[in-house]
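Asks: Coordinates only, no sequence provided:
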């Protein structure tokens, strides 16, 4: 099975882009040949999708990646390092890269994984997606689906 996973906070402005891309895919019936999963702020649950039966995972998440707001990069976890400063490790303060590192250390089978990092415009608490990202959700979904198929 292939998984397209959205991570982020619905109440964190553009941090909601990952779950909203998953929502768009499901609502529009675009989830053919893979399962679209909304993990929201529970990145730790990603470990439930790691294993020999998993063919590939694409994670969609807001990420400060140094490109124009609204633009995105797709990369493997091995190509980047986290810059999040976490006070601890909770389901409300997850970091996909730290979850994968922990899973590796615990002996989980890590399938091919890519991350689609989308540069946020605004991460203001309580605000919805910025117009710039909201207008591009269909594009993000199409690119994520295509890339997952190629993993």
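Replies: Right, received. Where do you want to start? Values in this document were obtained by computation on a predicted structure and should not be read as measured data.
Asks: From now on I want contacts and neighbour counts done on CA atoms only, so please keep to that.
Replies: Noted.
Asks: all strands for the chain, in order.
Replies: Taking DSSP state E, the strands of the chain run over residues 2-7, 35-40, 56-62, 72-75, 113-118.
Asks: want to throw these into TSV with mean neighbour count and distance to residue 146?
Replies: Converted to TSV, those look like this (neighbours: other C-alpha atoms under 10 Å; distance: least, C-alpha to C-alpha, whole Å):
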stretch	mean neighbour count	distance to residue 146
strand 2-7	25	11
strand 35-40	21	13
strand 56-62	26	10
strand 72-75	16	12
strand 113-118	23	12
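Asks: Dump these into TSV; add mean pLDDT and distance to residue 29 as well.
Replies: Converted to TSV, these look like this (pLDDT from 0 to 100; distance: least, C-alpha to C-alpha, whole Å):
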stretch	mean pLDDT	distance to residue 29
strand 2-7	98	14
strand 35-40	97	10
strand 56-62	97	18
strand 72-75	97	23
strand 113-118	97	21
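Asks: Now distance to residue 96 too, for the ones you listed, in JSON lines please.
Replies: Shown next, in JSON lines, are these (distance: least, C-alpha to C-alpha, whole Å):
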{"stretch": "strand 2-7", "distance to residue 96": "8"}
{"stretch": "strand 35-40", "distance to residue 96": "11"}
{"stretch": "strand 56-62", "distance to residue 96": "8"}
{"stretch": "strand 72-75", "distance to residue 96": "13"}
{"stretch": "strand 113-118", "distance to residue 96": "9"}
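Asks: For residue 129, which of those is the nearest?
Replies: Closest to residue 129 of the strands of the chain is strand 56-62 (C-alpha to C-alpha; 10.9 Å).
Asks: Give me the angle between that closest one and strand 2-7.
Replies: On the basis of axes from the mean of the first three to the mean of the last three C-alpha atoms, to 10 degrees, strand 56-62 is oriented at 20 degrees to strand 2-7.
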